[in-house]
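In: this one's structure only:
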């Protein structure tokens, strides 16, 4: 049965490219798994939406009988039994996937929430050193390796690189050449390119539909 | 080989009870797995510490040949093949474990960092509604069930309940009786009691050692 990925029906320009369905699209392209997209309204969130995603967010998936939310958990589930979760490296793949979610992303989000959502420059300035420290520590941990866990690209790299696109786009990797190269290596993969093209096409189609309405 | 859990040599009073080694202690008590504790200095962090935990934090473990950091990943690793990670519920256990780390804890930490570390009351007040909303959504998702994933207590409950101790202690569950009862149900388990006693005894012993020095 074709996997169903649910995202929003429409979003404004600024989060395009970053709505978390991109992570799941990327993963599905890496695996060559077909999927179709359904939507829930960004505004007027329904009880049915909340029943499937208790925080009223996206994405969530339906994979046969299984429904699942939390992009990190969706990635873990899809990675199971594939080359993106090599069994011998499982503890370290999980370690870096969770480091991305709990030790890197919260500091990136703390900065961007202050900067973009609250337009609180002083608050963003207070958060910036901690984010920069984490990024530098991550680069040091990566060292001269191509990928975080083992020799090959894993689900942990997919998630970490996706998170790092925010600091990369905001200039915070300009002096962290190793980490910048890591993000380019990951997002240079054809699967990311295809996923991003489909992600952006989804919002353009939503614009056209709204314009035609 | 006995598992080795590394935490700090000493911490001040205020984080006692919350240093994340408590999560691993609790898990090891649930599993009845013996372990011994090693320490790294809270101050003067060594290259050897950073080699084992790239963000210069604790805890990390050594389990035979495997060294592992990130408390969430340590819990996932330890849960593997045990009743705390029932195979049939794996996707949902992972979903709730990651929800704890990525959809609940960052909002709790954003509040407490403003409140306690930055002593920024206005910043904390701005973060409070989002934290409260996540807590209310979590209670609604739990509904009348005892545990988040399936019928029994899992590693996801251990982690979620540990995170919820902070809002519970700060009065944010006073009107969320279902969630308050959930935290009490989890932390009322003998394994938590034993883990917390050992965690607090570790800091008391550190005080005595410092006093004798």
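Out: That came in fine, so what should we check first? For clarity, every value in this text was computed on a predicted model and none was experimentally measured. Numbering: from 1, shown residues only, chains lettered A, B, ... in the order given.

In: tally of neighbours for the closest residue to residue A:144 other than its chain neighbours?
Out: Spatially, and ignoring its direct neighbours in sequence, residue A:144 is nearest to residue A:178 (7.8 Å; C-beta to C-beta, 6 or more residues apart in numbering or on different chains). C-beta here means a position set from N, CA and C on the backbone, and glycine is covered the same way. Applying other C-beta atoms under 10 Å in any protein chain shown, we find 14 residues neighbouring residue A:178.

In: Tell me who's in contact with the residue nearest the centre of chain A.
Out: When C-alpha atoms, centre = their mean is applied to chain A, the residue found nearest the centroid is residue A:23 (4.1 Å). Going by C-beta atoms under 8 Å, 6 or more residues apart in numbering or on different chains, residue A:23 touches A:59, A:71, A:74-75, A:158-159, A:162.

In: Now tabulate these in a markdown table and tack on neighbour count, distance to residue B:81 and secondary structure.
Out: Formatted as a markdown table, the contacts of residue A:23 follow (neighbours: other C-beta atoms under 10 Å in any protein chain shown; distance: C-beta to C-beta, whole Å; DSSP: H, G, I helix; E, B strand; the rest coil):
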| residue | neighbour count | distance to residue B:81 | secondary structure |
| --- | --- | --- | --- |
| A:59 | 23 | 30 | coil |
| A:71 | 25 | 26 | helix |
| A:74 | 27 | 23 | helix |
| A:75 | 26 | 22 | helix |
| A:158 | 25 | 26 | helix |
| A:159 | 28 | 24 | helix |
| A:162 | 24 | 30 | helix |
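
In: In JSON lines, list the residues you listed along with distance to residue A:114 and pLDDT.
Out: Compiled in JSON lines, the contacts of residue A:23 are given as follows (distance: C-beta to C-beta, whole Å; pLDDT from 0 to 100):
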{"residue": "A:59", "distance to residue A:114": "25", "pLDDT": "98"}
{"residue": "A:71", "distance to residue A:114": "23", "pLDDT": "98"}
{"residue": "A:74", "distance to residue A:114": "28", "pLDDT": "98"}
{"residue": "A:75", "distance to residue A:114": "27", "pLDDT": "98"}
{"residue": "A:158", "distance to residue A:114": "27", "pLDDT": "98"}
{"residue": "A:159", "distance to residue A:114": "23", "pLDDT": "98"}
{"residue": "A:162", "distance to residue A:114": "21", "pLDDT": "98"}
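
In: follow-up on the earlier one: who's in contact with the residue nearest to residue A:144?
Out: Counting by C-beta under 8 Å, 6+ apart, residue A:178 touches A:139, A:142-144.

In: My impression was that it belongs to a helix - is that right?
Out: Yes. Membership of residue A:178 in a helix is supported by DSSP: H, G, I helix; E, B strand; the rest coil.

In: quick one on the thing from earlier: what does the pLDDT read for the residue nearest to the centre of chain A?
Out: pLDDT for residue A:23: 98.

In: Distance-wise, check it relative to residue B:184.
Out: Look at residue A:23 and residue B:184: by C-beta to C-beta, to the nearest Å, they are 35 Å apart.

In: tell me the contacts of residue A:115?
Out: Residues near residue A:115 by C-beta under 8 Å, 6+ apart: A:121, A:124.

In: Which secondary structure state does it sit in?
Out: The local conformation at residue A:115, judged by three-state DSSP, is helix.

In: now the strands: where do they sit in chain A?
Out: Residue ranges of the strands in chain A, as given by DSSP state E, are A:3-8, A:35-40, A:60-63, A:66-69.

In: These: which one's closest to chain B?
Out: Distance to chain B, taken as C-beta to the nearest C-beta, is lowest for strand A:66-69 among these, at 5.5 Å.

In: Please report the distance of residue A:105 from chain B.
Out: Residue A:105 sits 7 Å away from chain B when distances are taken as C-beta to the nearest C-beta, to the nearest Å.

In: rewinding a little: which two of the contacts of residue A:178 lie the greatest distance from each other?
Out: Using C-beta to C-beta, the pair of the contacts of residue A:178 lying farthest apart is A:139 and A:144, separated by 10.7 Å.

In: Contacts only, for residue A:131.
Out: By C-beta under 8 Å, 6+ apart, residue A:131 lies in contact with A:107-108, A:110-111, A:167, A:172.
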